[in-house]
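Undergrad: next come a sequence and a model predicted from it.
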Amino acid sequence: MKTDEVKFENSVKFVASHYESGAFRRHDAWVRIFGKKGFNWKRICVAASVICVILAASAFVYMTLDLRDRSGYKEDKNIETVSSPDVEAGINFASLEFIDAPLSEVVEKIETTYGVTVSGLPDKELYLTLKYEGTAQDLVETINDALGTDLKIEQSK
């Protein structure tokens with residue numbers, strides 16, 4: 001016989017010689033682990049209920065709070081504007097921030113902020129995340145480079 005078979009035979013003989021009726025009952029094992037009282041089911045149910053309430057409240061708070069409202073973003077969807085015209089040079093500089101904003105809204109914001117008309121808006125909807133400070137012409141060129149579009153400033157309003 002091989003050594004593995006000998007070990008197996010010895011293990012079977014050991015278990016057979018020490019086996020007692022009822023020695024492997026589930027109830028006795030629980031008593032050995034947790035004592036005669038066993039589980040305190042009432043305490044466990046209360047703890048589980050508290051955990052469920054905490055998780056539900058956390059999910060509610062997470063789903064209802066808008067993180068942008070707490071971080072100082074304006075209410076105007078995904079766009080923040082700060083204008084400061086450069087009167088001496090006659091050029092209008094502005095700071096714009098777009099966060100996953102549709103290109104159509106970006107163009108509309110450029111037109112209202114700088115007082116220009118932008119043409120060449122593509123048919124498919126593109127989205128833009130960008131923080132920019134400068135002139136309308138530079139901003140349009142930056143958008144064209146980033147998105148591969150062909151926007152042009154037509155005229156001043």
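TA: Great, that's in hand.
Undergrad: give me the number of residues near Val107?
TA: Around Val107 there are 20 other residues, counting by other C-beta atoms under 10 Å. (Glycine included, C-beta is placed from N, CA and C.)
Undergrad: is it true that it touches Val118?
TA: Yes: proximity of Val107 to Val118 meets the contact threshold set by C-beta atoms under 8 Å, at 4.8 Å.
Undergrad: between those two, what contacts are shared?
TA: Contact criterion C-beta atoms under 8 Å, 6 or more residues apart in numbering; residues shared by Val107 and Val118: Leu151.
Undergrad: for the lengthiest helix in the chain, C-alpha coordinates in CSV please.
TA: The longest helix of the chain (DSSP state H) is helix 41-64. Extracted in CSV, the C-alpha atoms of helix 41-64 (Å, rounded to 0.1, in the frame of the first residue of the first chain):
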residue,chain,number,x,y,z
TRP,A,41,-32.1,36.6,18.8
LYS,A,42,-33.8,39.6,20.1
ARG,A,43,-30.5,41.6,20.3
ILE,A,44,-29.4,40.4,16.9
CYS,A,45,-32.8,41.5,15.3
VAL,A,46,-32.6,44.9,17.0
ALA,A,47,-29.0,45.4,15.7
ALA,A,48,-30.0,44.3,12.2
SER,A,49,-33.0,46.7,12.2
VAL,A,50,-30.8,49.6,13.3
ILE,A,51,-28.3,48.9,10.6
CYS,A,52,-31.1,48.8,8.0
VAL,A,53,-32.4,52.2,9.2
ILE,A,54,-29.0,53.7,9.0
LEU,A,55,-28.3,52.4,5.5
ALA,A,56,-31.7,53.6,4.3
ALA,A,57,-31.2,57.1,5.8
SER,A,58,-27.7,57.2,4.2
ALA,A,59,-29.1,56.2,0.8
PHE,A,60,-31.8,58.9,1.1
VAL,A,61,-29.3,61.6,2.0
TYR,A,62,-26.9,60.6,-0.8
MET,A,63,-29.7,60.5,-3.4
THR,A,64,-31.4,63.8,-2.5
